[in-house]
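Asks: Take this sequence and fold it.
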Amino acid sequence: RVRYTDVHVWRDAAWRLVSVQDTPVPIDGAVWSPSGTPAGEAALTGRVPIDDDTRLLHTLNESYVKAFRDADVAWYDAHLAPDYVMVSGDGIQWDRAATLLRFAQPTFATSMRSFPVDKVTVRRFHDVALIHAENAYQLKDGRTGVSRYTDIWEKRDGRWLCIAAHITVHRAP
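Replies: The predicted structure is shown next:
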């Protein structure tokens, strides 16, 4: 089995495939992990950068990764759309509430030595943007791995919200 994320955009009077990402799912593994309890919305705090959208999306990507390192679930609560879904590196699909619970865990602090972001590409399609990037991380025990991700953002009411993420383990530790 494979969990995949395909992104199509309407261009030139037709739907066009602009991105594909696949993650193998173990035959006996879980494929969906809903939390069952939707999380509340948190008000955006701080200053919203006034900049062109592509630069803002780069900033949002950096903040997304920093929030992971800091287990800053309030940041995610303020920036993930109500209909957000994530496919994790093991192929399990998570809804927004389950993702918030997962991001509240101090994964970086407890098990990772480094979690850099590299090869960031932002691709915009009007009010939809894809952010592709790579994390060549190191665990505290010295093992290393590489993950690649695609985050999908949509501009709603003048504000960019992350509507989906797909993580693929490129090289397991």
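
Asks: for this structure, what helix or strand is lowest in average pLDDT?
Replies: strand 32-33 (a mean of 51; mean pLDDT, DSSP states H and E).

Asks: same for the very next helix or strand once past it, what does it pack against?
Replies: Remark: after strand 32-33, the chain's next helix or strand is helix 53-70, criterion DSSP states H and E. Packing partners of helix 53-70 (3 or more CB pairs under 8 Å, 6 or more residues apart in numbering; DSSP states H and E): helix 73-79, helix 107-111, strand 118-125, strand 128-139, strand 144-156, strand 159-171. The way it works is simple: take the backbone N, C-alpha and C, and place the C-beta from them, glycine included.

Asks: Export the ones you listed as a markdown table, with columns for mean neighbour count.
Replies: Formatted as a markdown table, those follow (neighbours: other CB atoms under 10 Å):
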| stretch | mean neighbour count |
| --- | --- |
| helix 73-79 | 19 |
| helix 107-111 | 13 |
| strand 118-125 | 14 |
| strand 128-139 | 18 |
| strand 144-156 | 18 |
| strand 159-171 | 18 |
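
Asks: Let's have the ones you listed in a markdown table, adding distance to V65.
Replies: Listed next are the helices and strands packed on helix 53-70 as a markdown table, based on distance: least, CB to CB, whole Å:
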| stretch | distance to V65 |
| --- | --- |
| helix 73-79 | 11 |
| helix 107-111 | 10 |
| strand 118-125 | 10 |
| strand 128-139 | 8 |
| strand 144-156 | 10 |
| strand 159-171 | 12 |
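
Asks: Give the burial count for the nearest residue to G145 once chain neighbours are set aside, as a bare number.
Replies: Take G145 and drop its neighbours on the chain: the residue closest to it by CB to CB, 6 or more residues apart in numbering is P173, 3.8 Å away. If you count neighbours by other CB atoms under 10 Å, P173 ends up with 12.

Asks: quick one: contacts for P173?
Replies: L139, R143, T144, G145 (CB atoms under 8 Å, 6 or more residues apart in numbering).

Asks: pLDDT at it, what is it?
Replies: Per-residue pLDDT puts P173 at 81.

Asks: Next, find the distance separating K140 from Y84.
Replies: 29 Å (CB to CB, to the nearest Å).
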